[in-house]
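# here are the coordinates; sequence isn't available:
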């Protein structure tokens, strides 16, 4: 972060004057989702220290591709940025035809955070463990529906596909534009399970309206210490960590990228927000642009292997 601050300070012609007008932060999912919750808190806190506001603009659909394509074609001046998730990396191999390239058409700004998903069912579900859910799914192949908050090609979708593949079961994927929409259909009985983000599901779990069977990390989540990981509960080796990040259009001045990155890192690492992130099951990161680029490269490779092994893709 110190390096980013030095770069920003050394280029007053662009960095010092940025932002000169409100910054539009495009979020590729509907309001109320885990991703949206984190994005809005980031925007609120960053705005407090900037001369201009950050305006959130939800553009849901196509696993985040609508939002990504919009930002890829935006003027490269830092006034339109993308709040993205793991789906940005997933899209590179999941979609055969994509109007943008994650590494070619964007300037990585910062990995903001990492979080786990949580496998939930309703309190009335006969499944009280991951193993019981798997047994039910094996008895009813293709009949248990699971939702994905970001739609087809999203991290929720691929997390479900990976779970089904590793558990040796067949599930029915039902795409939604937001986590709350998937959650609502789970509560109404239209879905049988939801492997969605911790931030959107935690309140419902704590209220007793959803039953948590397992979390997706390698270790138990501090937000749900009594809930086992899916790996220890019946699917050895299963692990999904969803990240959130910021990217800008290709060609955005380095000093502007550095200034946004420094602000994002300061907000994510702020002691004032530590309790808020922990309560939502979010691990703050605040990486440098170079670190985030390395993560993107690794994630594209990782999810490309999952897409190929699961045999899922889309035009």
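Good, I have the coordinates. Quantities reported herein were computed from a predicted structural model and do not represent experimental measurements.

# any idea of the mean pLDDT in the one helix or strand residue 113 maps to?
Residue 113 belongs to strand 106-121 when assigned by DSSP states H and E. The average pLDDT for strand 106-121 rounds to 97.

# angle of the helix or strand that comes right after that strand against strand 106-121?
Sequence order places helix 130-139 as the next helix or strand after strand 106-121, per DSSP H and E. Orientation of helix 130-139 against strand 106-121 (axes from the mean of the first three to the mean of the last three Cα atoms, to 10 degrees) gives an angle of 90 degrees.

# how about helix 130-139: buried residues?
130, 132, 133, 134, 136, 137 (16 or more other Cβ atoms under 10 Å). From N, CA and C alone the C-beta is placed, and that goes for glycine too.

# and the next helix or strand past it?
strand 145-148.

# packing partners of that next one?
If you count contacts as 3 or more Cβ pairs under 8 Å, 6 or more residues apart in numbering; DSSP states H and E, strand 145-148 packs onto helix 155-167, strand 172-175, helix 179-188, strand 193-197.

# check the offset of the third one from the chain's centre.
It refers to helix 179-188. How far helix 179-188 lies from its chain's middle: 18 Å, per Cα atoms, centre = their mean, to the nearest Å.

# domain assignment for the protein?
As given by automatic domain parsing, the domain ranges for the chain are 2-115+243-310, 116-215.

# quick one: which of those domains is nearest residue 222?
domain 2-115+243-310 (6.5 Å; Cβ to Cβ).

# show me how far that closest one is from its chain's centre.
Worked out by Cα atoms, centre = their mean, domain 2-115+243-310 lies 11 Å from the chain centre.

# buried residues, the one helix or strand residue 70 maps to. List them.
Under the criterion of DSSP H and E, residue 70 resides in helix 65-72. Using 16+ other Cβ under 10 Å as the burial criterion, the residues of helix 65-72 that qualify are 65, 67, 68, 69, 70, 71, 72.

# biggest separation within the residues you listed, which pair?
Pairwise distances across the buried residues of helix 65-72 peak at 10.9 Å for 65 and 71 (criterion: Cβ to Cβ).

# neighbouring strands - and their directions - for the strand holding residue 113?
Under the criterion DSSP bridges, strand 106-121 sits next to strand 193-197 (antiparallel), strand 211-215 (antiparallel), strand 241-249 (antiparallel), strand 282-284 (antiparallel) in its sheet.

# identify all contacting residues around the shortest one.
Read that as strand 282-284. Residues outside strand 282-284 that contact it (Cβ atoms under 8 Å, 6 or more residues apart in numbering) are 38, 112, 113, 114, 115, 198, 199, 268, 269, 273, 274, 277.

# list the buried ones in the helix or strand following that strand?
The first helix or strand that comes after strand 282-284 along the chain, using DSSP H and E, is helix 289-310. Buried residues in helix 289-310, counting neighbours by 16+ other Cβ under 10 Å, are found at 289, 292, 293, 295, 296, 299, 300, 303, 306, 307, 310.

# over to stretch 49-66?
By 16+ other Cβ under 10 Å, the buried positions in stretch 49-66 come out as 50, 53, 54, 56, 58, 59, 60, 61, 62, 63, 64, 65.

# I'd say the last one and residue 153 touch.
Yes. At 7.2 Å, residue 65 and residue 153 qualify as touching, with contact defined as Cβ atoms under 8 Å.

# mutual contacts of the two, please.
By Cβ under 8 Å, 6+ apart, residue 65 and residue 153 have these common neighbours: 91, 95.

# so what's the residue nearest in space to the middle of the chain up against?
Centroid-nearest residue in the chain, with Cα atoms, centre = their mean: residue 85, separated by 3.7 Å. Listed by Cβ under 8 Å, 6+ apart, the contact partners of residue 85 are 28, 29, 35, 64, 150, 154, 155, 242, 243, 244, 245.

# go with 10 Å
Residues near residue 85 by Cβ atoms under 10 Å, 6 or more residues apart in numbering: 27-29, 33-35, 38-39, 63-64, 112-113, 115, 150, 154-156, 197, 242-245.

# same question for residue 74.
Under the criterion of Cβ under 10 Å, 6+ apart, the contact list for residue 74 reads 24, 26, 80, 81, 82, 248, 249, 252.

# tell me the secondary structure at it.
coil (DSSP: H, G, I helix; E, B strand; the rest coil).
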